[in-house]
Each structure stands twice: as C-alpha cells, then as structure tokens.
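Visitor: kindly generate the corresponding structure for this input.
(chains A and B)
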Amino acid sequence: MERPLTARVRADGEAVTLAEYERAGGYRGLRRALQESPADIGATVREANLRGRGGAGFNTGLKWSFVPLGPDAPHPKYVVCNADEMEPGTFKDRLLLEADPHQLIEGLAIAAWAIEADVAYIFLRGEYTDAAARLERALAEAYAAGYLGPDVLKSGWRLEMYLHLSAGRYICGEETALLNALEGKRANPRAKPPYPQVSGLWGKPTIVQNVETLCNLPHILANGAEWFKSISRSPDGGTKLYGASGKVRRPGLWELPMGTPARELLEEHAGGMRDGTSFRGLLPGGASTDFLLPEHLDVKMDFDEVQKAGSRLGTGTMIVLDDRTCPVGFVHNLERFFAQESCGWCTPCWSGLHWATEALRALEEGRGTPADLAALEHQTRFNAMGRTFCALAPGAIEPLQSALAYFRDDFERHVRERRCPWK
Amino acid sequence: MLSPDERREIEKELSRYPTRQAVCIDAMRIVQRHRGWVSDESLADIAELLGMSRHELDSVATFYNLIFRKKVGRHVIFVCDSVSCWVMGYERLYRALSERLGIAFGETTPDGRFTLLPIVCLGACDRAPAMMVDGTLHGNLDPDRIDPILERYE
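Guide: Numbering: from 1, shown residues only, chains lettered A, B, ... in the order given. Next up, the predicted model:
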C-alpha cells in the first residue's frame, strides 16, 4: 500500500532533513512543475481529483481555475497554507508539519507556481511551537538550496515564503477570516463574492489551501494524475490521513487509501473499543460533523459516501463516543466551544449558539425542561446553512441536530430524571 | 518604550508584508515574548510604530486568545478543554491542577509562578488529556503525573 504523505516519517520523531527529503525524490515535483505551464498543472491536479483536505472537499485544480493568469493578471498574487488546525478532534496536520516540513514547502511552491504567485504565507496556529521551529529551519534550508527566493531553481521566477504564527481563535481557519488575520485585523469572515481567487489578501488574487492538500501536490506532479487515482479506494484521488480519538484501544493517525471504511479504521487500526466500553457513535471528521451510528460503520470514508450517510468527511479524524460517556455532555462540550469561538459578527451564531449551550447546560445540571429540548431544535433551524454569515454555526449544529435525532432518549432521560444519568 | 531587540524583530516582520498594520499581531507576540504580556504602554508604542490608533490595535489584541492584556505568571498552563480531552478525563485533570495550585482558570498563583488558562483543542487528541506549559506539550496526563511536570517550572 502506498503512503506518499508519511513514507519518510522518522521513527525518532525528528523532522525529515532536506538531504533525506531530496534522496527520497523530494523537490522532483517542483522541478517538473516548473517545466510545465501553470494552466497544465491546474489541469493535472483537477484530473487527479485532489479534494480539499481541510474539510470542504472542493476540487483543488478547479479552485485554482478561478485565479486570473497571464501577463494582464493583477500582482502580487498570494498563496496561503492554512495550518490553523483548531477543529476539535483534529490532529492530522500536526504530523505533516512536524515530521516532513519540506514536503509542505514543496507543495506550497507548486501551488504558487500554478497560479503564478509571488508570495506564500504559512498561517500556523501559535500553539504548534515544534512545527514553527521546524518550518523556520526548513524554510532557511529551502532558500539556501534555491527552492525559494529570487530565482527558484534558476527558472527566473521569484517566490518568497514566510511563516506567520497566529495568535489564536478557531474562526481563523475560515479562509476569509484567515485573510483578515494576516492583514492584522480582527478575524471576522468576509462576504463572498468576491472570492479570494479574485480578491483575497489586500484585494489581490489569493488561494488558501489546507496543509494535507498541499502535501499531496509534490506526489501528483512527480507521479501523475492516473497514479494518484490508482492509490485510492474511491473516486476521490489519493490517500487520506485518518485518525481516531476517544476511548479506543489505540488512538492515532494512519495514512490509508481514500475511501477506507469507517469500520476498518475503528476496529483494525484503532484496535476497537477499550475494555469495559462499547461503541455508540462517532463524528467522522472533527467537531462540526454529524454523528454516525453503528449501522453506518460500513460507510467508505470519502467525501461523497459520508455525505450519503448523513454526515461529512470533514478532516477525517474521528471522535468516538462510547457508552460510558454522556452524549448530552459530549454535545454540551462541543456547543460551548462553538459559542466561545463565534467571532460575534452575526446574531444567529453569537446569540443562538449561546442559548443552545445554556439549554444543554441546564440538561446536564438537572434543570432541563421540555422547553429546552424545543429550544435546541429551534437553534438547529435558526443556524442552518444560508442563515448565518459563514459556515461556523451551520457546522456547530451538525453534531447537535444528529444527537437530538439519534440520542433522543438520552436527552429526554435528563429531563425526566432531573439529572445527568452518567454522573 | 520598545527595546532595541523588540524593534529589530518587528522591523524584520515589516519586510514580509505590504502594509504596516499586517505586522501588528506579530509585533504584539514579539513584545509578549520579551515581557510576558502586552501592557497599555506597550500597546501604545506598537500602535505608534505601525501607524494605527491604540483603540484599533486593542480591538485586534482582544480578539485573539494568545495575546495577554493582563499580567500573567512566569509560566502559563493551558489546559485543553475540548471534546477528546473531555472524554478522556479533562475534568479530573483540571480539578487536580486547580487544587494543587489553589487557583481557578484565569488566575495566577500568589507567588507569580503559574497562570492557569483553558485552551481549545491542542491537536493532541491521540494523547488526551493534554496541556501545554510555556509552549511545551504534555499529553496522556492523569492527576498523578502533574507534580513531576510542575516541578520543572520554577
């Protein structure tokens, strides 16, 4: 089985060095990219069906196709690596950032060439201190080796790449909020359109891509779109970094073909549930995805199949709910997070998520009434997609609405017994 | 007044962005790295250097959770309170820490040694429950493991 993203990861936990990366074929993808036109690279990546690994699943080549190219296009153009991994339950980009920083730098350079960009920023969450140190070192190495700077691999193309450490807030992961953060402003999302591809950082064409998405590019360029599709078990190309946390025997992260069934992840790779616990459900891709139940475990973990099962692949790092953990408390923790991380811009989100959190708190503290259940139902409609300024609140209600449907009896028991039955 | 080191580090950031305002978050982080927090005086100095009003800069400062606008202890403990850590025993960990230090979230020990703060998911869910002390991650925690870790921070 091919594991292009993690094949070079060192057992000692240190970062892959530039020499090791080059020996393993590193920067071959960038060399090849520079021999092709940006439009051709876009077509290859589109054909490979590399779908955005930050959770939205948008075709990467298609995303680039909206950026104006050629001599009349506005400059400078920007590419931004979204390394603001803050989705609860998600820890996949950390591995790529810490273990193999040159792979990310090469992927970001390829994306930059594909849109004829001048400047690249890596937007890294401030708490990823090890990743920051390793990226700074790798960036210096890449500049010294001529992979970045005024004349990339003697092609005549100039690319500057900088690391920006964020000062925190989940909303910075939303791409237009991220752009405001990079401009030194409060990270409120922007209205779309215009889309960043046309008017992004300082009004110039910009693309924002997740770490894992970018890390796939060197391998697509080096091995081709057909190869990329062949290593997947799904129409979505490539492999996926899947993960599991919660009361499983072996929490962890595994690079597997895209489309690996949830059951295989849970039972083989995570080793099943810990002794004394049994499986009740899981969030397949971070906090902002709907629950899946035991009956869904044969779902293939790709973007379309998870959606058919009523949820989203999201980041592909599953959070497992066991029978010893209260589902209402679990969802209360999630909604408290989302209410706190709301940027405060639009009312359904800052107000609605607060009231949802308060209703859940009342249930957990034995003060819940049927009116609280009705209020929760109301909030799931009030914050639906299209009723809020950005996708934070619609994401926030995904686990809530599915918990209300799937664990209804647990919610009602909290009201009936005037306590949390798990406490 | 900003120190020569702070000023030099901020100038380096200025070369990386097309506007001065873009550097404001980096500038506050730089000052905080040197002084532990961002006082009203530092905020005014940074605002002046970058051509922003103090109020505009404060509106940015208060949006982000890693900018401290109040004095903190010599060491800052961030305890992850997000879902995977909650499932794996965050509440026991927090209670033990709080009792051991005699402070709640948002407080600093009387000797100025530790400040205790909650933090959103640290991306260490496979090592839950987790906390971060001064930029160093500690995972797979249980209340018995707290003391040996705290002893490392004087």
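
Visitor: how about the residues of the stretch 251-400 of chain A by chain B?
Guide: Contacts of the stretch 251-400 of chain A with chain B, taken as Cβ under 8 Å from any Cβ of the partner chain, map to A:251-253, A:287, A:317, A:319-322, A:325, A:329-330, A:333-334, A:337, A:340-341, A:343. C-beta here means a position set from N, CA and C on the backbone, and glycine is covered the same way.

Visitor: quick one: which helix or strand includes the residue nearest to residue A:185 when sequence neighbours are not counted?
Guide: In space, and not counting its chain neighbours, residue A:185 is closest to residue B:60: 6.4 Å by Cβ to Cβ, 6 or more residues apart in numbering or on different chains. If you go by DSSP states H and E, residue B:60 is part of helix B:54-61.

Visitor: still on that earlier bit, mind listing which of the residues of the stretch 251-400 of chain A next to chain B are in helices?
Guide: Among those, the residues falling in helices (DSSP state H) are A:329-330, A:333-334, A:337, A:340-341.

Visitor: who wins for most neighbours among those?
Guide: Most neighbours among those, by other Cβ atoms under 10 Å in any protein chain shown: residue A:334, with 29 neighbours.

Visitor: quick check: buried residues in the helix or strand that residue A:399 is a member of?
Guide: Per DSSP H and E, residue A:399 falls inside helix A:392-406. The neighbour-count check on helix A:392-406 (16 or more other Cβ atoms under 10 Å in any protein chain shown) flags A:392-404, A:406 as buried.

Visitor: for stretch A:112-127, same thing?
Guide: Of all the residues in stretch A:112-127, those buried under the rule 16+ other Cβ under 10 Å are A:112-127.

Visitor: ok, what's across the strand from the nearest residue to residue A:87 once chain neighbours are set aside?
Guide: In space, and not counting its chain neighbours, residue A:87 is closest to residue A:286: 3.9 Å by Cβ to Cβ, 6+ apart. Listed by DSSP bridges, the beta-bridge partners for residue A:286 are residue A:284.

Visitor: show me what contacts the closest residue to residue A:74 other than its chain neighbours?
Guide: Distances taken as Cβ to Cβ, 6+ apart place residue A:204 nearest to residue A:74, at 5.6 Å, with adjacent residues excluded. By Cβ atoms under 8 Å, 6 or more residues apart in numbering or on different chains, the contact list for residue A:204 reads A:74-78.

Visitor: quick one: which of those residues is nearest chain B?
Guide: Comparing the contacts of residue A:204 against chain B with Cβ to the nearest Cβ places residue A:76 closest, at 7.7 Å.

Visitor: pretty sure the closest one is in a helix, no?
Guide: No: assigned with DSSP: H, G, I helix; E, B strand; the rest coil, residue A:76 falls outside any helix and is coil.

Visitor: from the buried residues of stretch A:112-127, pick out the ones that also neighbour chain B.
Guide: A:125-127.

Visitor: just to revisit the earlier point, in strands, which of the buried residues of stretch A:112-127 appear?
Guide: Assignment to strands by DSSP state E places the following of the buried residues of stretch A:112-127 there: A:119-124.

Visitor: secondary structure class for the residue lying closest to residue A:287 once chain neighbours are set aside?
Guide: Once flanking residues are discounted, residue A:287 sits nearest to residue A:88: 4.0 Å by Cβ to Cβ, 6+ apart. Following three-state DSSP, residue A:88 is assigned to coil.

Visitor: wait, a strand at residue A:79?
Guide: Yes: under three-state DSSP, residue A:79 sits within a strand.
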